[in-house]
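> Please find the sequence and the predicted model below.
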Amino acid sequence: MIVGIGVDIVDIPRFERSLERTPRLLERLFAPAEQHLKSHSLAARYAAKEALIKALGGSDGVHWTEIEVASEPSGRPVFALSGETDATVTGRGIAALHLSLSHDAGLATAYVIAESDGPVTGRAAASATDSPGDPA
């Protein structure tokens, strides 16, 4: 059952300017394995992390550097979660996360779907049961 959907878009030149102005953002936002990537890949990963937080219904228990966007041998992007973030996602009953990334024309975007095998808890449960007319 789908329990959350998140999407985010990042203006790559604006993101690059933010990194230039505040170099410590690399350490605060990205896992060590991500920090060497080119800015368009970092922007897509930033969008993925934002989209994940949206799919989860909030950032409680989620830490930026514990969300790594890795690649399967085929090139398919996947989340590699660790620490409290992994425990939070598991604790919310989420069994699978689906991620799609793209970047073109100065924009990077990410789309995340969170799935559960059974009953969900916490914010994910509220998101899964809200009707379209309910305020989020």
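That came through, no problem.

> C-terminal to the longest helix anywhere in the chain, what's the next element?
Counting by DSSP state H, the longest helix found in the chain is helix 39-56. The element immediately downstream of helix 39-56 (helix or strand, assigned by DSSP states H and E) is strand 67-71.

> so what strands line up beside that following strand?
Strand 67-71 sits in its sheet next to strand 77-81 (antiparallel), going by DSSP bridges.

> roughly how far is the next helix or strand after the partner strand from the heart of the chain?
Using DSSP H and E, the helix or strand that directly follows strand 77-81 along the chain is helix 83-91. Relative to its chain's centre, helix 83-91 lies at 13 Å (CA atoms, centre = their mean, to the nearest Å).

> before we move on, what about stretch 43-52?
5 Å.

> Quick one: mean pLDDT over that stretch.
Mean pLDDT, stretch 43-52: 98.

> Please save the CA atoms from that stretch in PDB.
C-alpha atoms of stretch 43-52 as PDB (Å, rounded to 0.1, in the frame of the first residue of the first chain):
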ATOM      1  CA  ALA A  43      21.200  18.900  -6.600                       C
ATOM      2  CA  ALA A  44      19.300  15.700  -7.600                       C
ATOM      3  CA  ARG A  45      20.200  14.000  -4.400                       C
ATOM      4  CA  TYR A  46      19.100  17.100  -2.400                       C
ATOM      5  CA  ALA A  47      15.800  16.900  -4.200                       C
ATOM      6  CA  ALA A  48      15.600  13.200  -3.300                       C
ATOM      7  CA  LYS A  49      16.100  13.900   0.400                       C
ATOM      8  CA  GLU A  50      13.500  16.600   0.400                       C
ATOM      9  CA  ALA A  51      11.100  14.300  -1.500                       C
ATOM     10  CA  LEU A  52      11.700  11.500   1.000                       C
END
